[in-house]
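Novice: From the sequence below, what's the structure:
(chains A and B)
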There are 2 protein chains.
Amino acid sequence: MDERKIPYKIYLEENEMPKNWYNLRADMKNKPAPLVNPGTGKPLTAEELSPIFCEELVAQELDDTNPFIEIPEEIRDFYKMYRPSPLVRAYCLEKKLQTPAKIYYKFEGNNTSGSHKLNSAIAQAYYAKKQGLKGVTTETGAGQWGTALSMACSYFDLDCKVYMVKVSYEQKPFRREVMRTYGASVVPSPSETTEIGKKILAEHPGTTGSLGCAISEAVEVATKNPGYRYVLGSVLNQVLLHQSVIGLETKAALDKYDIHPDIIIGCAGGGSNLGGLIAPFMGEKLKGNADYRIVAVEPASCPSFTRGTFAYDFCDTGMICPLAKMYTLGSSFIPSANHAGGLRFHGMSTTLSQLYHDGYMEAVSVEQTSVFEAAEQFARVEGILPAPESSHAIRVAIDEALKCKETGEEKTIVFGLTGTGYFDLVAYEKYNNGEMSDVIPTDEDIAASIAKLPKVE
Amino acid sequence: MDERKIPYKIYLEENEMPKNWYNLRADMKNKPAPLVNPGTGKPLTAEELSPIFCEELVAQELDDTNPFIEIPEEIRDFYKMYRPSPLVRAYCLEKKLQTPAKIYYKFEGNNTSGSHKLNSAIAQAYYAKKQGLKGVTTETGAGQWGTALSMACSYFDLDCKVYMVKVSYEQKPFRREVMRTYGASVVPSPSETTEIGKKILAEHPGTTGSLGCAISEAVEVATKNPGYRYVLGSVLNQVLLHQSVIGLETKAALDKYDIHPDIIIGCAGGGSNLGGLIAPFMGEKLKGNADYRIVAVEPASCPSFTRGTFAYDFCDTGMICPLAKMYTLGSSFIPSANHAGGLRFHGMSTTLSQLYHDGYMEAVSVEQTSVFEAAEQFARVEGILPAPESSHAIRVAIDEALKCKETGEEKTIVFGLTGTGYFDLVAYEKYNNGEMSDVIPTDEDIAASIAKLPKVE
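Specialist: Numbering: from 1, shown residues only, chains lettered A, B, ... in the order given. Okay, here's the model as predicted:
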């Protein structure tokens, strides 16, 4: 391929967009361990999951045999409004770094929710509508998922109840207003609208809430109100399935120009973006058809891959959700303040955890000051103000490109740019003012929360 | 053309992007009246303009004969990072409205500055760099222009001093932080850094500033510091020239699919977006090759086309800038609070004013509550949260589509969606809470400010 013929942005044509999601689990020899009912200690069945989740989503959650699942036409039509997302050749960043490496990024921020979360939100809303439900409930912390779900529900005319961690509700009023503009009801959590909320408020008056508590409220409302189900934006297999659209488009765009990546990099919180981005590449790797270095990047403040343990644990801090076998810091682990709210999760997708355990991918952790340094450098030459989460991947992509500069290698680096930083300017302000610091958990902190892991056979 | 073959989003290929800007004035029989020196009452010369503006920009400002001006390669490379912008077929909005009309919008919000302003900012920064300048100064109110200029200056490694109206500086800290992330120095105006600033602060302690004052400070700094010039984001001919890239891309995309628009709609503050969007269409109209309805949409709170007068006036409220012949409400006119900050300008581009005067375009004014109603309706089906400014065009596009529904006409409507509303959520919150109102100037208000117009032959 003549290098000069590769455009700054590669857009697929509408007819080149994926018609199926790719279910990576089907090609894994060691399947991810099943979700377990904390009461019985046994794998959760479809019957047990159906009162909480939509039926078709339960089926997707449990399906580890079918490699391709058709994307319904209604979802493909919605995707057409903001997809295909561009695969961008970072010519300006390469020039700035004076690296022989070729850097590409898949940019998922060109939609109003500002991130890749919309890819799964629209799918989950579609299945809820198809099941004849009235609405869905969810929780949101940083707000990307809540915003995406509000947009999706508005499109399918579904009621959307978002429990937003109180501290975010107060500190991120703009996120809240986007959700309200899309017709969602946004409730600061804990609230008086649920039994668990009342209980927590009685026990901890003045609490500013937590994700664990917001999950508990959202699940309670979904299970107590006929016609409602609960939906979640990360960690679950179904979410990684929907997010595979990122990787499928990326691979199709690379194949179109005969580009062969050497390194694929993504940030990892619960794993929704990373799992989606790498899916088809990992599929090829599992089949032995190609070799790629696949790198997960996590914050040093919440290093589940690099410093956690591979064991069954609760998915939520409230310990009401199913148990998942994953790399975890323990559900009682409280990460220090970090501005990448989307990466502050103690665990990791079971699929990614199994792949990491089996040696198919690497993981690194990076400190937030170096992440914002990379974000600023990227913004100034590539024009896009990145989300703090995404900037973790930028940091490592730049580091790898600088290694190429030293060795003279012309490696091809692909990373996921999951979203924009429009709603993260409090963090940028701290960085601009030189007030940002790094707090890294001690070995004792991690050992203490891991010691509290539940016992599962 | 088979309707089903028109994709949701039409992207031009890189090699289909414009290589020249289009200078509409070259094809106007009645040229826009020249800028006049308020001291001498005579047209401003290149010599008089050069201490304030960059040399090549002065040449562009005064050139009303060359129809095409080459876009330098460096600028085209930058454009490739965020352009071509998509021309979107609003299938979902059409369906929601149940209209036979075909609606398209050119979306300029997919870049970090969030609006079309970047198209001219990068050009102005390029010419400043080419002239060997150290930096540029400007003012910003709502912040779209300041953000765009900061990005452009960062790319070309130019110093960028932004005087930000103090009330915006305090109420829009996020805008400020984006600018700082791009390395700009942002000073709340009025400030102690200039003579005029000190004077105003002495006379009006505690003032929250005004655009007129911020302009005065920016111009003072540009003229007093060797190696600096002043740049402006709207109204001027040079800005409309650069923004013609919007219209050229739009026309190329329509032509590619053999689509013939009936109505072209844009919001109008100083005219930068509208002038750019309509340029090639108006050119065809002036030559008699095509007929289009071209509609300018302005806020009812600041109705320069629909209720102003066509006369020479100051471009700034501080009355230090050149005089321009334009539709104006008088430079002393103070528009009531309106959330479309980018449309709160008392005058209008001289080019657009002349065309409107000669009957080549229409204008309508709309009230902000109906604008936000349209914005919400659009956001919920098309997924994009629009800027309040852009939503003026949405309002009229929806109104025209609803007329088509009544008459059964299958008109093709094209409108400019200039930017996103991420930084306008205070306004959305007011609308969501039912606290937004409309304040429309009385005839007496307008007559009073028009009575103060300067006398020019």
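
Novice: Show me which residues of the stretch 1-150 of chain A sit near chain B.
Specialist: A:7-9, A:11, A:13-14, A:77-78, A:80-82, A:88, A:91-92, A:110-112, A:114, A:118 (CB under 8 Å from any CB of the partner chain). (C-beta placed from N, C-alpha, C; glycine too.)

Novice: 6 Å instead, please
Specialist: By CB under 6 Å from any CB of the partner chain, the residues of the stretch 1-150 of chain A that approach chain B are A:7-8, A:11, A:14, A:80-82, A:110-112.

Novice: export those to TSV and tack on neighbour count, pLDDT and distance to residue A:180?
Specialist: Shown next, in TSV, are the residues of the stretch 1-150 of chain A next to chain B (neighbours: other CB atoms under 10 Å in any protein chain shown; pLDDT from 0 to 100; distance: CB to CB, whole Å):
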residue	neighbour count	pLDDT	distance to residue A:180
A:7	17	92	39
A:8	19	93	36
A:11	19	94	32
A:14	16	93	32
A:80	18	94	26
A:81	21	92	21
A:82	25	93	21
A:110	20	90	22
A:111	24	90	18
A:112	23	88	13
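
Novice: Among those residues, give me the pair with the biggest separation.
Specialist: Farthest apart among the residues of the stretch 1-150 of chain A next to chain B by CB to CB are A:7 and A:112. That separation is 25.4 Å.

Novice: Next, count neighbours for residue A:337.
Specialist: Neighbourhood size, residue A:337 [other CB atoms under 10 Å in any protein chain shown]: 11.

Novice: Regarding it, what is its secondary structure?
Specialist: coil (DSSP: H, G, I helix; E, B strand; the rest coil).

Novice: and the gap between it and residue A:221?
Specialist: Relative to residue A:221, residue A:337 is positioned 29 Å away (CB to CB, to the nearest Å).

Novice: May I have the predicted confidence score for the closest residue to residue A:48 other than its chain neighbours?
Specialist: Nearest non-adjacent residue to residue A:48, counting by CB to CB, 6 or more residues apart in numbering or on different chains: residue A:37, 6.2 Å away. pLDDT recorded at residue A:37 is 93.

Novice: Residue A:37 touches residue A:45, doesn't it?
Specialist: No: between residue A:37 and residue A:45 there is no contact under CB atoms under 6 Å: 8.5 Å.

Novice: For the stretch 51-200 of chain A, just list every one of the strands.
Specialist: Ranges of strands within the stretch 51-200 of chain A are A:68-70, A:87-89, A:102-107, A:135-140, A:159-165, A:185-189, based on DSSP state E, counting those that start in this stretch.

Novice: so where's chain A uncertain?
Specialist: A:1-4, A:457 (pLDDT under 70).

Novice: Can you name the residues that contact residue A:326?
Specialist: Contacts for residue A:326 were tallied using CB atoms under 6 Å, 6 or more residues apart in numbering or on different chains; they are A:347-348, A:350, A:353.

Novice: Is it possible to get JSON lines of those that adds secondary structure, neighbour count and distance to residue A:432?
Specialist: Formatted as JSON lines, the contacts of residue A:326 follow (DSSP: H, G, I helix; E, B strand; the rest coil; neighbours: other CB atoms under 10 Å in any protein chain shown; distance: CB to CB, whole Å):
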{"residue": "A:347", "secondary structure": "coil", "neighbour count": "27", "distance to residue A:432": "32"}
{"residue": "A:348", "secondary structure": "coil", "neighbour count": "29", "distance to residue A:432": "31"}
{"residue": "A:350", "secondary structure": "helix", "neighbour count": "25", "distance to residue A:432": "39"}
{"residue": "A:353", "secondary structure": "helix", "neighbour count": "24", "distance to residue A:432": "36"}
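
Novice: Just the endpoints, please. Distance across stretch A:437-455?
Specialist: With CA to CA, to the nearest Å as the measure, stretch A:437-455 spans 36 Å from end to end.

Novice: buried stuff in that stretch?
Specialist: Neighbour counts over stretch A:437-455 (16 or more other CB atoms under 10 Å in any protein chain shown) mark A:441, A:445-446, A:449-450, A:453 as buried.

Novice: Name the surrounding residues that touch it.
Specialist: The contact list for stretch A:437-455 (CB under 6 Å, 6+ apart) reads A:300, A:307, A:309, A:311, A:313, A:329-330, A:332-333, A:336, A:367-369.

Novice: Likewise for stretch A:230-247?
Specialist: Stretch A:230-247 is contacted from outside by A:18, A:21-23, A:52, A:57, A:60-61, A:117, A:119-120, A:123-124, A:136-138, A:145, A:218-219, A:222, A:270, A:272, A:275-280, A:315, A:349, A:351, using CB under 6 Å, 6+ apart.

Novice: out of those, which are inside helices?
Specialist: Here DSSP state H is the test, and the contacts of stretch A:230-247 give A:57, A:60-61, A:119-120, A:123-124, A:145, A:218-219, A:222, A:272, A:275-280, A:351 as lying in helices.

Novice: What separation do you get for residue A:165 and chain B?
Specialist: If you measure residue A:165 against chain B using CB to the nearest CB, to the nearest Å, the figure is 19 Å.

Novice: Next: residue A:256.
Specialist: To chain B, residue A:256 is 13 Å away according to CB to the nearest CB.

Novice: Without its sequence neighbours, what residue ends up closest to that residue?
Specialist: Nearest residue to residue A:256 in three dimensions, chain neighbours excluded: residue A:10, at 6.9 Å (CB to CB, 6+ apart).

Novice: Could you check how many residues crowd around the one you found?
Specialist: Residue A:10: 21 neighbours (other CB under 10 Å).

Novice: Can you report phi and psi for it?
Specialist: phi -100, psi 120 (degrees, to the nearest 10).

Novice: was I right about it contacting residue A:88?
Specialist: No: taking CB under 6 Å as the definition, residue A:10 is not a contact partner of residue A:88, at 7.7 Å.

Novice: Tell me which residue lies nearest the centroid of chain A.
Specialist: Nearest to the mean C-alpha position of chain A, by CA atoms, centre = their mean, lies residue A:272 at 3.3 Å.

Novice: measure that one to residue A:108 for me?
Specialist: Using CB to CB, we find residue A:272 at a distance of 11 Å from residue A:108.

Novice: so what sits against both of the two?
Specialist: Counting by CB under 6 Å, 6+ apart, residue A:272 and residue A:108 have no contacts in common.

Novice: Of the strands of the stretch 51-200 of chain A, which stretch is the most buried?
Specialist: Sort these by mean neighbour count, taking mean count of other CB atoms under 10 Å in any protein chain shown, and strand A:135-140 sits at the top with a mean of 28.

Novice: Quick one: residues in contact with that one.
Specialist: With contacts defined as CB under 6 Å, 6+ apart, strand A:135-140 is touched by A:128, A:146, A:149, A:158-159, A:161-164, A:214-215, A:218, A:221-222, A:228-231.

Novice: mind redoing it with 8 Å?
Specialist: With CB atoms under 8 Å, 6 or more residues apart in numbering or on different chains as the test, strand A:135-140 has contacts from A:124-125, A:128, A:145-147, A:149, A:153, A:158-165, A:168, A:175, A:189, A:211, A:214-215, A:217-219, A:221-222, A:227-233.

Novice: I'm done for today, thanks for sticking with me.
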